[in-house]
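Trainee: Starting from these lines, generate the structure:
(chains A and B, ligands or ions: 2)
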Amino acid sequence: MTTKADICIIGSGAGGAPVAYTLAKAGYKVVVLEKGSLYDERDFKKDEIAVSRRSLFTPDLKDEFHMVETLDEEGKITKEGGWNFWNGSMVGGSSNLMSGYFHRMKPNDFKLYSAFGDVEGANVVDWPIDYETMEPYYTKVEEVVGVSGKMVEHPFREKRSTADFPYPPTWEHPIAKWIDDSCSKLGYFAMPTPRAIIPYDALDRRGCSYSNLCGSYGCATGAKSHAKSALLDKAVCTNNCTIIADAFVYKIESEKTEATAIHYYDKDGSSHTVQAKIYILAAQAIESSRLLLNSKNSHFPNGLANSSGEVGKNLIFSAGGSGSGRLDFKNLTQEQQDSLLLHGAFVNRSLQDWYEYNKDGKPYKGGTIDFLFEHANAIPRALDQVYDINGDLQWGKTLSKNLHHAFERSRVITFEVFNDWMPTDNCFVTVDEEEKDKWEIPVGKIRLYGHPQDLKVGNHLAQKAVEVLKGLGCEDISSNISAAPPPNLVAGGCRFGTDPKHSVLDVNCKTHDLKNLYVTDASFMPTGGSVPYTWTIYANSFRVADKILERLQNNV
Amino acid sequence: MINRRDFFQYSGMVGVAVLVGVAAKKYAQSNNPSTETYKIIEALIDHMFADSDGYVTSQLNVVGYFKGVLNDTRISIDQRHYLINGTVWLDETAEEEYDKSFLKLTHDEKERLLKKISMLRWGDSWLYKVMGYYFETAFSDPIYGGNINGVGWKWLAYEPGFPRPNEVAI
Ligand SMILES: Cc1cc2nc3c(=O)[nH]c(=O)nc-3n(C[C@H](O)[C@H](O)[C@H](O)COP(=O)(O)OP(=O)(O)OC[C@H]3O[C@@H](n4cnc5c(N)ncnc54)[C@H](O)[C@@H]3O)c2cc1C
Ligand code: SF4
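Mentor: Ligands and ions are numbered 1, 2, ... in the order given. As a prediction, the model looks like this:
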């Protein structure tokens, strides 16, 4: 059966939804194909077993997996199977499961090359657009998708077209004030972390209920500003948008200059076709490159829209890492202990004092530090206690004492560091012709490599965060900055740019090669900034949606 | 029995997925043919956790929950075999060291044996796995059949998130 539409979107997450929303509202017929299932707010329960221990929202790795290649010190490649780079296969994508720490990229993030120069062994380039171009769309995300926060003065505050956020911060835990005090003693500018969460009923959604388990879990109120509650539900209400769930797109067909059809398998393995005027690919960075490469044809023998050979190249992640410290009740007053035991409220504090810094006379692009409580999942918290400081397993009375201490007599505060992951020739996606998924389609093969500068900058930032934890009186402070990629914070693979020889997409995220195929997830990003990506993904997708709308309205 | 070394090579691949909408209390009601496996797991958990907060362990329905784990298709078959095989290896080691089954060991003998195997790679990894499933028993929502009346949550004054599940989702 062939379905016809004006626009066909592959992937229903943060990259696809703004296009669906904008064009359905403008009266165009939109079909969204999503490989995951459709859930609604009533399905989202705080079930640690199903969600966290059995990965309810990602595919069974027996059926669908990733291959990973790593390089050892001598440059030898090791390939391993069974890796999991899935983040959320469901209508609304992984945005359903995000924690919603939202930061805008800063003006210099759009021109990393001009501002900081070349980095040896890295493919740093400027973006073909600047912050001023993106700014109205960051604001649109605040207003339409919903971002809460409060602007304060700090050294790297970016320019805004509005004075403040449209929604005030979510309920803050008393520890936020302790962090403010610790930072001000150190001369640092703690700022409220913008969150993709609305604090009260608005935008036809309910406000946050502070449910204690937020990141990695679906939201039962709709307060989390994920693609489904914020955008797709509204697109569907126009009667112009149809979402087809459990639809795995396995091929995009094309002629020489235009895409002609999309083929997908339904739950039962039957194949279907969609034809549209314009096709949008937004399957998240790795899977979008994989689909292009798997859609090779006689016009594009190296992969669809890949005349540049750049599809899959310069894959990036959020570099950095995390750290933690424990606030032990023995050092605290009764009042402080009582307030620390309060659950549900957010820490909501960030530092961007070292977004740019100088070290040994050299300017560096730094990054962002977010503070938060240890995740409330009980099982990993308990498992964290089973090894003693020598790395030996413990049980019996000793373990029991430690568990009581961890859960009832202390609280762990953690930090996350976000800095640039240098794009390099050694970090990319291809497909593995020997390894197929349950549909017999070659799986994505990911080559991983972290540039030494990523670690250098990450460690610089982590040291600052550690000082804050010390100032708070934390014990057992540790930090872990590594080249291990966070699979949920992934971008690149289809760089945008002005030169068709060195980029896959043009300035408006249309493929250089095909006049009706766009890529609107994070694949377009040549560098990622020192912030988590999702605000920028949403903003850029709204920007591209406007360009497509203009084009449709002008019949181009 | 899978080869121990092979398991270690394979253990990095562990990933599990879930089927939606299976009847509640699936875990508590599942059957498994090997009663010996469960006796060893029960004795092991009793030893590792009863010392401290035994009243919790005895109220958790550990055996019922582990039966569910060993029947859960979202846990890879290798992982499930590994869990079972560990009980066999533990018992074999007890026979080698003390000439009797793990179930017949005194408290001190069990303690010495566990100390010994926890220093071995397989022992450390297997005991960690068992502890993980024990914590699942203690902290999962009671609809999974362990953590009866939230006794595990009360044990550590843990506040679960809400809304809580009203049916088993895997
Ligand atoms: C636990 C967690 C916490 C996070 N926290 C934050 C945070 O605090 N801040 C932040 O900025 N970001 C956060 N993120 C990241 C954020 O969710 C992603 O950046 C964002 O959702 C990416 O948007 P996307 O559209 O590229 O991908 P997604 O939102 O994942 O959407 C892609 C969709 O495409 C579907 N798909 C893939 N292949 C196909 C195919 N072949 N056919 C049909 N459909 C397909 C997928 O199933 C998926 O639904 C977090 C993510 C996770 C998982
Ligand atoms: S209600 Fe609030 S805390 Fe709970 S998942 Fe939604 S946004 Fe997160």
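
Trainee: Please name the strands paired to the helix or strand bottoming out on mean pLDDT in chain A in the sheet, noting orientation.
Mentor: Taking mean pLDDT, DSSP states H and E as the measure, the helix or strand of chain A with the lowest value is strand A:77-83, at a mean of 83. Strand A:77-83 has the following sheet partners, assigned by DSSP bridges: strand A:66-71 (antiparallel).

Trainee: For the strand it pairs with, list the C-alpha coordinates in PDB.
Mentor: Taking C-alpha atoms only, strand A:66-71 is exported to PDB below (Å, rounded to 0.1, in the frame of the first residue of the first chain):
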ATOM      1  CA  HIS A  66      25.300  -1.600  17.000                       C
ATOM      2  CA  MET A  67      28.800  -2.700  16.200                       C
ATOM      3  CA  VAL A  68      31.600  -0.600  17.700                       C
ATOM      4  CA  GLU A  69      35.200  -0.200  16.600                       C
ATOM      5  CA  THR A  70      37.900   1.200  18.900                       C
ATOM      6  CA  LEU A  71      41.500   2.000  18.300                       C
END
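
Trainee: touching ligand 1 at all, it?
Mentor: No: Strand A:66-71 lies apart from ligand 1 when judged by C-beta under 6 Å from any ligand atom; the minimum separation is 12.0 Å. All C-beta atoms are positioned from the backbone trio N, CA, C, and that covers glycine.

Trainee: Not counting the longest helix along chain B itself, show me its contacts.
Mentor: Secondary structure of chain B per DSSP state H: the longest helix is helix B:35-59. Helix B:35-59 is contacted from outside by A:395-397, A:399-401, B:32, B:62-63, B:66-67, B:70, B:84, B:87, B:90-91, B:102-103, B:107, B:110-111, B:114, B:127, B:130-131, B:134, B:138, B:148-149, B:151-152, B:155, using C-beta atoms under 8 Å, 6 or more residues apart in numbering or on different chains.

Trainee: Now do the helices in chain B.
Mentor: Counting by DSSP H, the helices of chain B are B:4-10, B:26-29, B:35-59, B:62-70, B:77-98, B:107-118, B:121-139, B:151-155.

Trainee: Let me know the average pLDDT across the longest helix of chain B.
Mentor: With pLDDT averaged residue by residue, helix B:35-59 scores 85.

Trainee: relative to helix B:77-98, how tilted is it?
Mentor: Between helix B:35-59 and helix B:77-98, the angle comes out at 90 degrees (axes from the mean of the first three to the mean of the last three C-alpha atoms, to 10 degrees).

Trainee: ok so, going back, buried only: go through the contacts of helix B:35-59 for me.
Mentor: Buried members of the contacts of helix B:35-59, counted by 16 or more other C-beta atoms under 10 Å in any protein chain shown: A:395, A:399-400, B:32, B:62-63, B:66-67, B:70, B:84, B:87, B:90-91, B:102, B:110-111, B:114, B:127, B:130-131, B:134, B:138, B:151-152, B:155.

Trainee: Pull the distance from the next helix or strand after the least confident helix or strand of chain A to the chain's centre.
Mentor: Counting by DSSP states H and E, the next helix or strand C-terminal to strand A:77-83 is helix A:112-116. The chain centre lies 24 Å from the centre of helix A:112-116; the measure is C-alpha atoms, centre = their mean, to the nearest Å.

Trainee: mind listing what's buried in helix A:112-116?
Mentor: A:L112, A:Y113, A:A115, A:F116.

Trainee: What are the neighbouring residues in contact with the closest residue to the last one other than its chain neighbours?
Mentor: The one in question is A:F116. Counting by C-beta to C-beta, 6 or more residues apart in numbering or on different chains, A:F116 lies nearest to A:K365, which is 5.3 Å off, once chain neighbours are set aside. The neighbours of A:K365, taking C-beta under 8 Å, 6+ apart as the test, are A:N108, A:D109, A:L112, A:A115, A:F116, A:Y355, A:E356, A:N419, A:D420, A:V457, A:S530.

Trainee: thought the third one was touching A:G528?
Mentor: No: counting by C-beta atoms under 8 Å, A:L112 stays clear of A:G528, with 9.7 Å between them.

Trainee: Between those two, which contacts overlap?
Mentor: A:D420.

Trainee: pLDDT of stretch A:361-371, averaged?
Mentor: 97.

Trainee: Please compute how far that stretch lies from its chain's middle.
Mentor: Going by C-alpha atoms, centre = their mean, where stretch A:361-371 is centred and where its chain is centred differ by 20 Å.

Trainee: Check which residues of it are buried.
Mentor: A:Y364, A:K365, A:G366, A:G367, A:T368, A:I369, A:D370, A:F371.

Trainee: touching ligand 1 at all, it?
Mentor: No: using C-beta under 6 Å from any ligand atom, stretch A:361-371 never reaches ligand 1; the gap is at least 8.1 Å.

Trainee: Put together CSV for the helices of chain B, with distance to ligand 2 on each row.
Mentor: Below are the helices of chain B laid out as CSV (distance: least, C-beta to the nearest ligand atom, whole Å):
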stretch, distance to ligand 2
helix B:4-10, 35
helix B:26-29, 26
helix B:35-59, 28
helix B:62-70, 27
helix B:77-98, 29
helix B:107-118, 38
helix B:121-139, 19
helix B:151-155, 19
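
Trainee: Please identify the deepest-packed of the ones you listed.
Mentor: Compared across the helices of chain B, helix B:62-70 shows the largest average neighbour count, a mean of 23 (mean count of other C-beta atoms under 10 Å in any protein chain shown).

Trainee: can you dump the C-alpha coordinates of it into CSV?
Mentor: The C-alpha coordinates for helix B:62-70 follow below in CSV (Å, rounded to 0.1, in the frame of the first residue of the first chain):
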residue,chain,number,x,y,z
VAL,B,62,13.5,-14.0,47.0
VAL,B,63,13.0,-17.4,45.5
GLY,B,64,9.8,-16.4,43.7
TYR,B,65,11.5,-13.3,42.3
PHE,B,66,14.6,-15.3,41.1
LYS,B,67,12.3,-17.8,39.4
GLY,B,68,10.8,-14.9,37.5
VAL,B,69,14.3,-13.6,36.6
LEU,B,70,15.3,-17.0,35.2
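
Trainee: quick one, helices of chain A?
Mentor: Going by DSSP H, chain A shows helices at A:17-25, A:48, A:112-116, A:131-140, A:175-186, A:227, A:233-237, A:285-294, A:334-340, A:378-383, A:396-408, A:452-472, A:534-553.

Trainee: Okay, now the unreliable bits of chain B?
Mentor: For chain B, the stretches with pLDDT under 70 are B:1-33, B:51-55.

Trainee: residues near the closest residue to ligand 2 within it, how many?
Mentor: Across chain B, the shortest distance to ligand 2 (C-beta to the nearest ligand atom) belongs to B:G161, at 7.6 Å. Residues lying near B:G161 (other C-beta atoms under 10 Å in any protein chain shown) number 23.
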